[in-house]
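A.B. asks: Below: sequence and its predicted model.
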Amino acid sequence: MEKLRRSMMFVPGNNPGMLLNAGIYGADTIILDCEDAVAITEKDSARNLVFQAISEINYGTEVAVRINHISTPFGWDDLKRILPAKPDLIRLPMCQGPDEIRQIDEFISEAEHKHKFPAGSIKMMAAVETPKGLRLAYEIASASPRMVALAIGAEDFIANLKTTRSKLGRELLAARGQLVLAAREAGIQCIDTVFSDINDEEGFKKELELIKEMGFDGKSVVNPRQVSVVHDFFAPTAKEIDHAQRVLAAYQEALEKKSGVISLNGKMIDLPIVARAERTLAYAKATAGKGGK
Amino acid sequence: MKNSIGREIPDFIPGLGKVTGFGGAFARKPVGRTVGAALSTCLPRADKRLASIETAIDAVGLKDGMTISFHHHFRNGDRILNRVVEAIAKKGIRDITLSPSSLNTVNDALIPYIEQGVITAIETSGARGKMGRFLTEGHLKKPLHIRSHGGRAQAIESGAIHIDVAFLGAPACDRYGNINGIQGQSACGSLGYAIQDAAYADQVVAITDNLMPHPLFPISIPQTQVDYIVVVDSIGDPAGIASGALRYTKDPKELLIAKYAADVMDYSGYLQQDFSMQLGSGGASMAVGRFIKTKMLERGITGSFGVGGMTGVFAEMMEEGLFKMMFDVQSFDIPAIDSIKKNSNHLEMSASYYANPHNSGAIVNNLDAVILSATEVDVDFNVNVITDSNGVIMGASGGHCDTAAGAKLTIVVAPLLRGRLPMVKDAVQTVVTPGETVDAIVTERGIAINPKRLDIIDNVKNSGLPIMSIHELKDIAYKLCGKPEAIQLSDEIVGVVEYRDGTIIDVIRRPIF
Amino acid sequence: MSKLLKLAQAGTVESSDILITLAPADAGTGIRVELVSPTMQQYGAHIRNLITKTLVDHGIEDVLVNANDRGALDCTIKARVITALQRAGE
C-alpha cells in the first residue's frame, strides 16, 4: 500500500510555535513552508528554523518542505540548507516543466550521496500553477522516480486563466481533470489545492466531495481544524468497508482454490475491484488509528 | 511532618497555629455539630435601611480583628469589596480577616490596605494578577489561606470560618431584605456563594443598587437573614460581571485536547443515557461540550443534569432537551443569567449543596464526569491550579478538588507545554487536587489514565487514542523542553492550601526571585 | 570568522520565539550573553550555554549577545543564533 496523503498541511516555516505543534493534528503529511508563508526578508530565518525543526522534533509523520522556486534567489539555498536534515519530501511550487524536476533530482542525489542517505530516499512532488505547467503535467510527473505526487495551486492558476474562483469550482474543472489524468498516467498521487476560508465548513465539504469524485488522493490544507474534516471525508463508510472485506475474502478463496474466476454474490469480480477493495481497507485502517467514535 | 501525598507540612504554621496534614481524600470523618449565626431580632415595621456603608459599619459594631465576608459573583465588575474595605480603613479599624468566596484582579486595589495593616489575613479561593504576586512575596501578615468552594462551605458550617459580618452585593433587594441575583442592572444570576454566607454570618448587610417593593420574587436569600440594607448608586459594572456569550475556542490545539477528552469520556463508558457532567470554564474544558453534544445527538441520548459554574453553552443544551436540569452555583455569562431567570429547571444552589464534603451529600457526589483544566499535573496525577511554574500565586482552587473527589470520572485537560515549560512534571509546584481523585490527564500529545483505574484502561485500549503512561507523557515533554531546574524557595510559608475536608494538602513557600 | 562584522538580529518576540541581537565586541572580551526569559529559573543557565556553544561552534570568540526569550525551544534558539550570525557576516 502506498503512503496515504489525504491531508497535506502547510505550516509557516518561520513560526516556531506552529512548527512545534505541526505534528499533533494527525495530518498525513506536514509541509513546512519556506515559500509563500515567509516574508522575503526572512527566507534565511525560515530555512535555518526548518532545518533545526526537522533535525530535533520527532513529528511522527511525513515531513515535506516547500522550497522557493529554483528560479528565485532562494530555491537552491533552501535545498542546500535543508537537505542535510533529510526531509521526507521536497515540494516544488510553480513547476513549469520536467527540466526543473531533473535539476532538483540531481541536486538531491548529490546530497544523499554526501550525507550517506539511502539513494532515492528523499521524495519529490510538484505543484502546477500555470497553463504551461499543466500542459506538461505528465512530463513533470514522470521526470524523476522521486516524484510521488502532483498538486494544483489554484490561486495562481486562476489568475493565469483570467477568471476568478467560484463556489462551484467550474473554472478549475478542466485543470483538475487534466491533473488527475497526468498523475494517474504517471502512476503517482494527485493532491488538490487549499481551501482558504476556514470558517466556511459547508463550502469546504462541497469541494471535498467534488475532488474525491474526481479521483484526487488528498487535499492541501492550511488550518489544523481542516485535517479531521478531510480524513472523515476520505474515510470509507461501514458499508464500503464491509463490501471491501467480502471482496478480499472472495479473492482469497479463489486464490486458494486456484480458481480463475472470482465471484461475490453471483457477481464477477475482476482485479481492479480487488485493488479498490484493498485501497478502501487501507483508508479505513488509517482513519481508525486516530481515535474517535 | 509529611502528609499522605509526601508534601512537607509543618505541624505549626505561624499565623494559623497547629494544622492537620492531608490524609486521603475521604480519610477525615467529621465530628460535632454545625455552627449557627448569632441570634437577632427585628421589630415589626422597623426600617432595615441605613444611609451609607459607613453607617452600616458602625451599626454592625465592626471592630479590630473581626472577619468580614463577600461573594465574588460580580467578578471583575465588583464595586462592593474595595469600597467596603476603604470605608473600614477610614474608620481606623485594623487587623481584619478578609473572607471573600474568591478574589479577582479588580481587587488588586486592596494591596495598600494590606500594607497598612487594615487587612492582616485572607481566606479565599485564590488570587491573581498583582495581588497574587504581592501575596506570594509574603506581605500579608498571616499566610494566605486557600480553600475550595466546597471546603469554604464546610469551614463556614463547622465554624472554622466565623463570619462576623457579611457584606453582600444584592442585584435585587426588597425593603425587608429579600434578595435575588437575577433582576436589576447588576444581575449576576446565581447567588450560590452569598447564600452560604448569609445563612451563617452573625450579621448581614445587603448592599444594593436596586431596591424593590416588598415582597421580592423570586427569593434567593430570605429577609430572615438580612439585618441591614444600604442603597448605593452602583454595586457592579455589568461589563465586568458577565461577558457576552462565552463561545467555544477556535484554537486548534485546545480543540484537539477537547476532542480527545470527549473521546476518553465516551470510551470510558460514562457517556450513557441520563449521565451527568460538569465542564470547567477554561477554553479546552468548555469546548469538550461541543464534542459531547455531537456524540449525544448522533447516539440519540440525553443527559440527566449539569453542574457548574454555568455557561450559555450548557444552558443551550438544556433548552434543546439534551439535559433535564442544571444546578448553578455561579453564572458565567449573560446567556446563563438569562437562562436561570427564565428556566425553572435551571436551579440556583448554595456552595454547600454544590460541594461541601461534610453534609449529607453534595451534588458533586452525583456527577458521572467532570472535565477540569489545570496549570500543571505530575506523575502522581496531582494537580496544581494555584501557582505558576515560578511558584507565584495566579489562580484559584474553585471547585476543582471538590468535583474531582465527587465525580465517577475526572478528566483533567492541559496543554503538554506552555511556551517552553512542561505541564506534566515529576512534581507539581503546589498540589490542590490529589492524584487519587484524578482519572485521566488529556494533552495534545497524549493521554494518561490513572493506573488505579484498570476499568478505564481496559475500556480505552482499543480506541486508537494516544494512550500512554504518565511517565511517557512527561518524557515527551522533557524531551522537547529539557528537564526544568527546580525553582529556589525560601522557608517562609506565604500560603496554605486546605483540602475540602479542612486538612492541609500543601503549603506555598516564598520563591527566591 | 572569530569576530562579527556588524550588528545583526534574528527572531521575533512572538510566543515560543526568541529575538537574538548580536553586537560586535572588542577582541578578548569574550562571549557575553544578556538574557531575558520567562523561564529564567528553569532554563536560564541552559539557554545561555546553548547560545554560547552555538557561537563557539561557529568560531566566534568575542560578541555581545542580547537574547529576549519568549519560551523558545533549543531548535529555535539555535536557528535564530545561526541566522543572526549569517546576517552579521554578510
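C.D. replies: Nice, I can see it.
A.B. asks: my guess is residue B:97 is in a strand, correct?
C.D. replies: Yes - under DSSP: H, G, I helix; E, B strand; the rest coil, residue B:97 falls within a strand.
A.B. asks: That one against residue B:121, yeah?
C.D. replies: Yes - here residue B:97 reaches residue B:121: they are 4.1 Å apart, a contact under C-beta atoms under 8 Å. From N, CA and C alone the C-beta is placed, and that goes for glycine too.
A.B. asks: Now for the two: what residues contact both?
C.D. replies: When C-beta atoms under 8 Å, 6 or more residues apart in numbering or on different chains defines a contact, no residue borders residue B:97 and residue B:121 alike.
A.B. asks: Could you pick out the residues of chain C near chain B for me?
C.D. replies: Along chain C, the residues adjacent to chain B under the rule C-beta under 8 Å from any C-beta of the partner chain are C:15-16, C:38-39, C:41-43, C:45-46, C:70-74.
A.B. asks: Who wins on neighbours among these?
C.D. replies: In terms of neighbours by other C-beta atoms under 10 Å in any protein chain shown, the residues of chain C next to chain B top out with residue C:72 at 31 neighbours.
A.B. asks: re the thing from before, list the ones among the residues of chain C next to chain B that fall in helices.
C.D. replies: In helices, defined here by DSSP state H, the members of these are C:41, C:42, C:43, C:45, C:46, C:74.
A.B. asks: How about the contacts made by the closest residue to the fourth one other than its chain neighbours?
C.D. replies: Pointing back at residue C:45 there. Leaving aside its chain neighbours, residue C:45 sits nearest to residue B:485 (7.2 Å; criterion: C-beta to C-beta, 6 or more residues apart in numbering or on different chains). By C-beta under 8 Å, 6+ apart, residue B:485 lies in contact with C:41, C:42, C:43, C:45, C:46.
A.B. asks: Swap in 10 Å and give it another go.
C.D. replies: By C-beta atoms under 10 Å, 6 or more residues apart in numbering or on different chains, the contact set of residue B:485 is C:39, C:40, C:41, C:42, C:43, C:44, C:45, C:46.
A.B. asks: The third one reaches residue B:388, doesn't it?
C.D. replies: No - counting by C-beta atoms under 10 Å, residue B:388 is not a contact partner of residue C:41; they are 11.0 Å apart.
A.B. asks: all helices for chain C, in order.
C.D. replies: For chain C, helices defined by DSSP H occupy the ranges C:40-57, C:74-88.
A.B. asks: now the ones you listed as TSV including mean pLDDT?
C.D. replies: Formatted as TSV, the helices of chain C follow (pLDDT from 0 to 100):
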stretch	mean pLDDT
helix C:40-57	97
helix C:74-88	97
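A.B. asks: looking at the ones you listed, which is buried most?
C.D. replies: Sort these by mean neighbour count, taking mean count of other C-beta atoms under 10 Å in any protein chain shown, and helix C:74-88 sits at the top with a mean of 24.
A.B. asks: Show me what that one is packed up against.
C.D. replies: On a contact count with 3 or more C-beta pairs under 10 Å, 6 or more residues apart in numbering or on different chains; DSSP states H and E, helix C:74-88 meets helix A:16-21, helix A:43-56, helix B:470-481, strand C:8-10, strand C:18-24, helix C:40-57, strand C:63-69.
A.B. asks: Does the second one reach chain B?
C.D. replies: Just to be clear, that refers to helix A:43-56. Yes - remark: helix A:43-56 sits within contact range of chain B at residue A:56, by C-beta under 10 Å from any C-beta of the partner chain.
A.B. asks: hmm, back to that, just put the helices and strands packed on helix C:74-88 in TSV and tack on distance to residue A:205.
C.D. replies: Shown next, in TSV, are the helices and strands packed on helix C:74-88 (distance: least, C-beta to C-beta, whole Å):
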stretch	distance to residue A:205
helix A:16-21	25
helix A:43-56	32
helix B:470-481	33
strand C:8-10	41
strand C:18-24	40
helix C:40-57	44
strand C:63-69	42
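A.B. asks: so which of those gets nearest residue A:271?
C.D. replies: Nearest of the helices and strands packed on helix C:74-88 to residue A:271, taken as C-beta to C-beta: helix A:43-56 at 39.6 Å.
A.B. asks: and the angle for the closest one with helix C:74-88?
C.D. replies: 150 degrees (axes from the mean of the first three to the mean of the last three C-alpha atoms, to 10 degrees).
A.B. asks: helices and strands around helix A:43-56, which ones?
C.D. replies: strand A:7-12, helix A:16-21, strand A:29-33, strand A:62-66, helix A:75-82, strand C:8-10, helix C:74-88.
A.B. asks: mind listing the helices for chain A?
C.D. replies: Counting by DSSP H, the segments of chain A that form helices are A:16-21, A:43-56, A:75-82, A:98-114, A:131-135, A:137-141, A:154-161, A:173-186, A:201-214, A:225-234, A:238-256, A:271-288.
A.B. asks: For residue B:493, find the nearest of those helices.
C.D. replies: Nearest to residue B:493, of all those, is helix A:16-21, at 36.7 Å by C-beta to C-beta.
A.B. asks: Check which helices and strands that closest one is in contact with.
C.D. replies: Counting contacts by 3+ C-beta pairs under 10 Å, 6+ apart, helix A:16-21 packs against strand A:7-12, strand A:29-33, helix A:43-56, helix B:252-268, strand B:417-418, helix C:74-88.
A.B. asks: Redo these as TSV? Include distance to residue B:149.
C.D. replies: TSV is the format used below for these (distance: least, C-beta to C-beta, whole Å):
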stretch	distance to residue B:149
strand A:7-12	42
strand A:29-33	43
helix A:43-56	44
helix B:252-268	22
strand B:417-418	25
helix C:74-88	41
